[in-house]
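Colleague: I would like to see how this sequence folds:
(one chain, ligands or ions: 1)
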Amino acid sequence: WRQVFAINENKFPDDFLFGTATASYQVEGAWNTNGKGENIWDRYTHQYPDKILDKSNGDVACDSYNKLEEDVRLLKNMNVDFYRFSVSWSRILPKGFAYQVNADGIRYYNNLIDLLISNGITPMVTMFHWDTPQNLEYFGGFTNSLIVNWFEEYARILFDNFGDRVKFWITFNEPKQTCAEGYGIGTKAPGYKLFGIADYMCIHNVLKSHARVYHLYNNTYKETQQGKIGITNDAVWSEPKTQSVEDVEAAERGLLFTFGLYTDPIYHYNGDYPQVVKEFVSARSKLEGFSYSRLPKFTPEEITYIKGTYDFFGLNHYTTTLVNNVDPFPIGDPSQIKDARIRTSFSPSWPKTASSWFKVVPWGFTKVLKWIKNRYGDIDIYVTENGYSDHECLNDQERINYYKQYLSALLDAIYDHKVNVKGYAAWSFLDNFEWNDGYVNRFGLYHVNFSDPQRTRTPKASLYYFKNIIKNRKLIKL
Ligand code: GBH
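Modeller: Numbering: from 1, shown residues only. Sure thing, here's the model as predicted:
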């Protein structure tokens with residue numbers, strides 16, 4: 001017999017990149033000035049303020065639109081290698097369509113990109129972080145398959161204007177939220193509730209849109225612009241609640257429904273949705289009286305077209321749930337949870353955060369990274385978001401503790417399991433508009449005072465901690 005020791009290495013690889021991330025609606029503000037058009041988050045927060053914990057919105061947010069020089073100075077002060085931000089589609093195309101380009105939007109992102117580069121910071125640009133132009137939503141948004149063309153037109157404008165300097169593109173941030181929360185359970189904009197139906201329509205079109213833009217870049221821009229393009233998905237690690245065969249299978253199925261549904265068509269060597277997802281949705285649809293599966297089918301050509309459309313794997317990771325198997329739910333309204341036949345819960349022993357969905361489970365991070373490598377092979381992974389939520393506070397020792405534990409778990413994945421993690425972005429650079437949680441729950445390394453018209457930024461204790469890790473390229477492990 002022999003005991004296996006973890007390697008316990010504490011240094012990040014020499015070429016490892018550190019960054020921090022934000023998203024347009026959460027930080028920019030300037031929602032209706034200088035030519036920007038309305039998007040679905042403008043509409044949703046104005047129409048249903050009650051859906052936001054403090055009835056707030058992103059009208060001003062961190063006012064990053066007007067504080068570009070200051071923000072880049074703060075980023076420079078952090079020593080980050082890259083800054084991940086998203087472009088507001090309706091700031092570039094106020095009507096959603098390409099017939100009207102807002103010159104001020106182009107100017108704004110040009111300035112941001114130039115300023116980052118002149119400060120030695122690499123821009124990593126997300127094309128879409130949930131803020132669909134309202135005009136497109138009138139016609140179904142991501143449930144309309146024509147969005148594949150609309151998104152391609154938008155992407156072309158981004159490549160034409162910014163691709164000479166942007167070498168790192170992410171088409172979509174977390175399609176799961178756009179689809180399952182936007183059109184399924186309806187807790188995010190546009191707030192429609194047709195779970196198990198519209199969410200599947202949406203993911204079908206997101207995947208096609210992503211693939212279209214990957215091919216556009218690959219065929220038309222890559223040779224001259226020499227960048228990388230991918231997509232970011234978020235994984236909640238699914239841990240079996242018990243070691244019973246049923247629960248072990250349910251946990252794997254849970255991961256395939258909440259993550260593999262979005263990632264298999266792109267990264268799996270067979271392409272297409274996971275087999276178990278296709279089977280469970282189809283069987284349940286039949287029981288409900290559908291003559292076809294609620295999960296749309298890809299043609300063989302589409303499977304091939306979508307498969308392999310990545311230069312890297314973008315991963316957002318925050319937390320873990322316990323998953324157990326459940327008997328078939330009684331027939332009623334369809335839902336993805338009923339399709340999956342799972343129930344999720346948290347262990348009472350897991351430390352809480354300010355967000356109800358979020359407990360601290362560092363080992364889940366190692367497991368999810370291992371799972372990706374096992375299922376999809378040795379792909380370069382960029383962690384495009386990871387971070388901790390608390391309430392307003394400057395001496396944020398719990399956030400420091402979170403980063404220490406999760407970055408340790410990441411090093412374990414690199415050294416103990418040879419997972420190719422190439423970079424890591426802390427969420428978030430600034431306290432910002434945290435969607436349904438408004439300004440109540442905070443993720444920032446810099447505190448932002450939202451009652452101050454200046455939106456003053458102040459470093460938190462965690463900023464100094466993170467900055468030190470970047471400087472030393474190593475971690476004092478627990
Ligand atoms: C990320 O999503 C987002 O990309 C980012 O914009 C956001 O600020 C950050 O997380 C922090 O939330 O309340 O039970 O309906 C992370 C994944 C999954 C977080 C679903 C919130 C809501 C679950 N998210 N979730 S619930």
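Colleague: In this protein, what residue comes closest to the ligand?
Modeller: Residue nearest to the ligand within the chain: Trp357 (3.9 Å; CB to the nearest ligand atom). From N, CA and C alone the C-beta is placed, and that goes for glycine too.
Colleague: Which strand or helix spans that residue?
Modeller: For Trp357, there is no host helix or strand (DSSP states H and E).
Colleague: Apart from its neighbours in sequence, what residue is nearest it?
Modeller: Thr319 (7.0 Å; CB to CB, 6 or more residues apart in numbering).
Colleague: returning to that earlier point: is it true that the residue of the chain closest to the ligand touches Thr344?
Modeller: No: applying CB atoms under 8 Å as the test, Trp357 and Thr344 come out as separate, 9.9 Å apart.
Colleague: Same drill for these two, tell me which one is more crowded.
Modeller: Thr344 (20 against 13; other CB atoms under 10 Å).
Colleague: I'd like the distance between Ala98 and Ile92.
Modeller: Distance, Ala98 to Ile92, by CB to CB, to the nearest Å: 9 Å.
Colleague: Find the residues that touch each one of these two.
Modeller: 154, 157 (CB atoms under 8 Å, 6 or more residues apart in numbering).
Colleague: Of these two, which one has the most company?
Modeller: In this view Ala98 and Ile92 are compared by other CB under 10 Å, and Ile92 has more residues nearby, 28 against 15.
Colleague: How about that one: what's its closest non-neighbour residue?
Modeller: Closest to Ile92 by CB to CB, 6+ apart is Gly105, at 4.4 Å.
Colleague: which phi and psi does the one you found have?
Modeller: Dihedral angles of Gly105 (phi, psi; degrees, to the nearest 10) stand at phi -60, psi -40.
Colleague: Ok, Asn449 next?
Modeller: Dihedral angles (degrees, to the nearest 10) for Asn449: phi -90, psi 100.
Colleague: ditto for the one 10 residues further on
Modeller: Torsion angles at Pro459 (phi, psi; degrees, to the nearest 10) stand at phi -60, psi 140.
Colleague: That one - how many residues pack around it?
Modeller: There are 17 residues near Pro459, going by other CB under 10 Å.
Colleague: next one: Asp416
Modeller: Asp416 has 16 neighbours, counted by other CB under 10 Å.
Colleague: you'd agree it is up against Trp363?
Modeller: No: assessed by CB under 8 Å, Asp416 is found out of contact with Trp363, at 11.5 Å.
Colleague: Next, the residue nearest to Trp357: secondary structure please.
Modeller: Classification of Thr319 using DSSP: H, G, I helix; E, B strand; the rest coil returns strand.
Colleague: and what of Ala235?
Modeller: strand.
Colleague: residues in contact with it?
Modeller: Contacts of Ala235 by CB under 8 Å, 6+ apart are 255, 258-259, 315-317, 368, 371-372.
Colleague: give me that answer again for 7 Å
Modeller: 259, 315, 317, 368 (CB atoms under 7 Å, 6 or more residues apart in numbering).
Colleague: Met127 too?
Modeller: 87, 155, 158, 169-171.
Colleague: so it sits in a strand?
Modeller: Yes: checked against three-state DSSP, Met127 lies within a strand.
Colleague: if we can go back for a sec, pretty sure the residue nearest to Ile92 contacts Pro94?
Modeller: No: under the criterion of CB atoms under 7 Å, Gly105 is not in contact with Pro94, lying 8.1 Å apart.
Colleague: Common neighbours of those two, please.
Modeller: 35-36.
Colleague: how close does Asn420 sit to Arg457?
Modeller: For Asn420 relative to Arg457 (CB to CB), the value is 34 Å.
Colleague: And these two? Which one has more around it.
Modeller: Set Asn420 next to Arg457 and count neighbours by other CB under 10 Å: Arg457 wins out with 21 against 17.
Colleague: So which residues on this structure come close to the ligand?
Modeller: Taking CB under 6 Å from any ligand atom as the contact definition, the chain meets the ligand at 23, 26, 173-174, 177, 187, 234, 316, 318, 356-357, 385, 427, 434, 443.
Colleague: Among the residues you listed, which ones are in helices?
Modeller: Gln26 (DSSP state H).
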